[in-house]
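>>> I'll drop the sequence and a predicted model, then ask my questions.
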Amino acid sequence: MNMSELFVKERFSWRSLGWLLLYFWFFSCALQLVIVLTGHSGTTGLRDSLLYSLLWLIPVFVFPARTKIISSVLGILLWATSLIALGYYSIYKQEFSQSVMFVMFESNSKEAGEYVSQYFSLKVLAILIFYTLIVGFLWRKVRPVYLPLKYKVTVCTLIAVVLFGVPLYKKMHNEGETLAEASGYLASRMSTTAPWQYIAGYVEYRQQLESMTEMLKQNAALPPLANLKDANGDTPRTLVLVIGESTTSSRMSLYGYGRQTTPRLDALRKSDPNLVVFNDVVTSRPYTIEILQQALTFADEQQPDLYLTKPSLMNMMKQAGYKTFWITNQQTMTKRNTLLTVFSQQTDEQFYMNNQRTQSARQYDDVVFAPFEKVLTDPAEKKFIVVHLLGTHMKYKFRYPEDATKFVGREGIPDGVSDSDVEVYNDYDNAELYNDYVVETLIRTFEKTQPNGFLLYFSDHGEDVYETPPHTVLGRDESAPTRTMYTVPFILWNSPQWQKDHPIDYAPYVDRKYSNAHLLHTWSTLAGLSYDLQEPGKSLVSPAFRQSERWIGDPYSKKGLRTFDSLPYTAGGK
Ligand SMILES: [Zn+2]
């Protein structure tokens, strides 16, 4: 070998770099690309895996002579870890996340195993084999990439700075976060890239578990409700609480909306006198955690911290002798949702149906049907079942299957909605339509078991989807509130048996002005529970109900509160 051959051999080659990039990108980006192309979720996961896969270039740039051995060792690690994520996605249609860790470690792993064996098919096997063949093909194409020393140093430094330096600096310097918080952010950015998804997932899982355990410990130490009495004694019964999500009542035909978005509930109201629709219920806060920590506890806008010092609705039902269940299609074990997981853990049995990495991923509420049916057959005499839906949470298009689309075009949409917003406006109405199907199916499923009991459905808060004039507002914002963000459906279905034993005329109650911050008091009346802390004045269905101001806003900020009824009917007004 002479000198010129050596020189040629060690020259930088764009083609080699291209194959090397493809090789390392493939492990994490293949799945992310599928997720984006199938419309399962957004593009940030793909962007992050493109970025964080670049890390593997550093060792092969530094030791180009060892490229084949480095890429083989890394390849085996990346292949094995990405194969698990790919297999998991093929079976469950969910990305691997800290929620998966939580369900793996906390719930019945035998059931999970059964599920895998039920859905592990030849198709899944074929996907995994095909995937492995491509890995093998790319591996054969891997060649060393020779960089002159100064480029080597520059490129490797640049990669390290972009991947780690920039995000850490942004979080710590610009946003004043601690190193631990910034590392948590970094972990979430890396959570789509093999093999970091397991490490990041595990770190996040441990962090959430720690804060959850602490909150559960505090809850367990609370004194029980004094003088709790159950007017229904030991009669067997099943009570169901269905919590909706981001579903505003002003977009339901059940509440007078022009488009027929709730045909099933409309029909049920006509045919079944046991369906009671309450017309004027609002929420106190337009955010899931913030409102549920009031609705499901004694806290409200005036006493926002009572959720920490008094028993919750779940505690109350358990104390009253119910076997309690929690079925949820909301994300579990994310930092934001820790309190929700704490609430769920206050019940006897949990079913976590949503382990998506992001709340806005494609996920339908029909997943709650199977566990709901299962729980209804539980032999316990007194059952309390909470079903927490994903409802009409953004991204609206991902809340219903495409073939369930009904609303397209401009018909029935206010003129002020701009052409570019029509699609999202329609998506939301289609999501409302699917939610109608879900809620009605839950009622019908419940009815079929000939239960003694009732089902109460309400939405945690509303959502403004270009509805309030001038039709430019999208979403929810406590600092720029519109009525639509607060108006919620509130629907009660009594079983014939329950109605017979509790012949209450709801007609005088249905137009009462109410805030679901006081839900627990209404629930107590409905369930026939009494105790020292009870305030019948805050119960929508009590003869002793006293109408009070419906406070909205952040109770922890100075001048944070105002009343719902003071809100204007247009956006942007004060
Ligand atoms: Zn919500």
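It's in.

>>> what's the average pLDDT for stretch 305-317?
Averaging pLDDT along stretch 305-317 gives 94.

>>> How about residues contacting that stretch?
Residues outside stretch 305-317 that contact it (C-beta atoms under 8 Å, 6 or more residues apart in numbering): 218-219, 222, 224-225, 228, 239, 241, 293-294, 296-300, 319, 324, 326, 343, 346-347, 384, 386, 519-520, 523-524, 527, 529, 531, 533. Heads up, the C-betas are built off the backbone N, CA and C, glycines and all.

>>> Now do the closest residue to residue 54 other than its chain neighbours against the ion, distance only.
Once flanking residues are discounted, residue 54 sits nearest to residue 159: 5.2 Å by C-beta to C-beta, 6 or more residues apart in numbering. Distance of residue 159 to the ion, given as C-beta to the ion, to the nearest Å: 39 Å.

>>> which residue sits closest to whatever residue of the chain ends up closest to the ion in space, ignoring its chain neighbours?
Proximity of the chain to the ion (C-beta to the ion) peaks at residue 288, 3.1 Å away. Of all residues not flanking residue 288 in the chain, residue 460 sits nearest, at 5.2 Å (C-beta to C-beta, 6+ apart).

>>> State the pLDDT value of that neighbour.
96.

>>> Equivalent analysis for residue 477, please.
Residue 477 is assigned 89 on the pLDDT scale.

>>> what does residue 26 give?
95.

>>> Make sure I have this right: it is in a helix.
Yes - Residue 26: assigned to a helix according to DSSP: H, G, I helix; E, B strand; the rest coil.

>>> for the nearest residue to it once chain neighbours are set aside, helix, strand, or coil?
Residue nearest to residue 26 in three dimensions, not counting chain neighbours: residue 138, with 5.7 Å by C-beta to C-beta, 6+ apart. Put simply, residue 138 is helix when judged by three-state DSSP.

>>> who touches the residue nearest to residue 288 in this structure?
For residue 460, the contacting residues are 243, 244, 245, 246, 283, 288, 291, 292, 295, 488, 516, by C-beta under 8 Å, 6+ apart.

>>> let's see 10 Å
243-247, 283, 285-292, 295-296, 330, 388-389, 391, 393, 488, 516 (C-beta atoms under 10 Å, 6 or more residues apart in numbering).

>>> What of residue 375?
If you count contacts by C-beta under 10 Å, 6+ apart, then residue 375 has 238, 240, 323, 325, 326, 327, 349, 351, 383, 385, 387 around it.

>>> ok, now residue 495?
With C-beta under 10 Å, 6+ apart, residue 495 has these contacts: 237-238, 274, 443, 446-447, 449-455, 501.

>>> ditto for residue 240
Per C-beta under 10 Å, 6+ apart, neighbours of residue 240: 325, 327, 372, 375-376, 383-387, 442-443, 445-446, 451, 453-457, 493.

>>> Surely residue 457 is within a strand?
Yes - assessed with three-state DSSP, residue 457 lies in a strand.

>>> surely it meets residue 268?
No - using C-beta atoms under 10 Å, residue 457 is not in contact with residue 268, being 11.5 Å away.

>>> Pick out whichever of those two has more residues nearby.
For residue 457 and residue 268, the more surrounded residue by other C-beta atoms under 10 Å is residue 457, and the numbers stand at 25 against 22.

>>> Nearest spatial neighbour of the more buried one, chain-adjacent residues omitted?
In space, residue 457 is closest to residue 242, 4.2 Å off (C-beta to C-beta, 6+ apart).

>>> Would you tell me what helix or strand that neighbour is located in?
strand 237-244 (DSSP states H and E).

>>> Run through the bridge partners of the residue nearest to residue 457.
Per DSSP bridges, the residues bridged to residue 242 are residue 387, residue 457.

>>> What separation is there between it and residue 389?
Using C-beta to C-beta, to the nearest Å, we find residue 242 at a distance of 7 Å from residue 389.

>>> so what's in contact with the two at the same time?
In contact with both residue 242 and residue 389: 327, 368, 438, 439, 442, 457, 459, using C-beta under 10 Å, 6+ apart.

>>> Narrow those to those that are buried.
Burial by neighbour count, 16 or more other C-beta atoms under 10 Å: within those this picks out 327, 368, 438, 439, 442, 457, 459.

>>> Columns distance to the ion and secondary structure on top of those, output as a markdown table?
Output for those, formatted as a markdown table (distance: C-beta to the ion, whole Å; DSSP: H, G, I helix; E, B strand; the rest coil):
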| residue | distance to the ion | secondary structure |
| --- | --- | --- |
| 327 | 17 | strand |
| 368 | 16 | helix |
| 438 | 15 | helix |
| 439 | 16 | helix |
| 442 | 18 | helix |
| 457 | 14 | strand |
| 459 | 8 | strand |
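
>>> May I see those organised as CSV, with distance to residue 97 added?
Formatted as CSV, those follow (distance: C-beta to C-beta, whole Å):
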residue, distance to residue 97
327, 19
368, 19
438, 23
439, 27
442, 26
457, 28
459, 25
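
>>> of those residues, closest to residue 262?
residue 439 (8.4 Å; C-beta to C-beta).

>>> Now that closest one. Nearest residue, chain neighbours left out?
Nearest to residue 439 is residue 457, by C-beta to C-beta, 6+ apart, at 5.5 Å.

>>> quick one on the thing from earlier: now compare the shared contacts of residue 242 and residue 389 and name the two farthest from each other.
Checking these with C-beta to C-beta, the most distant pair is 327 and 459, at 16.8 Å.
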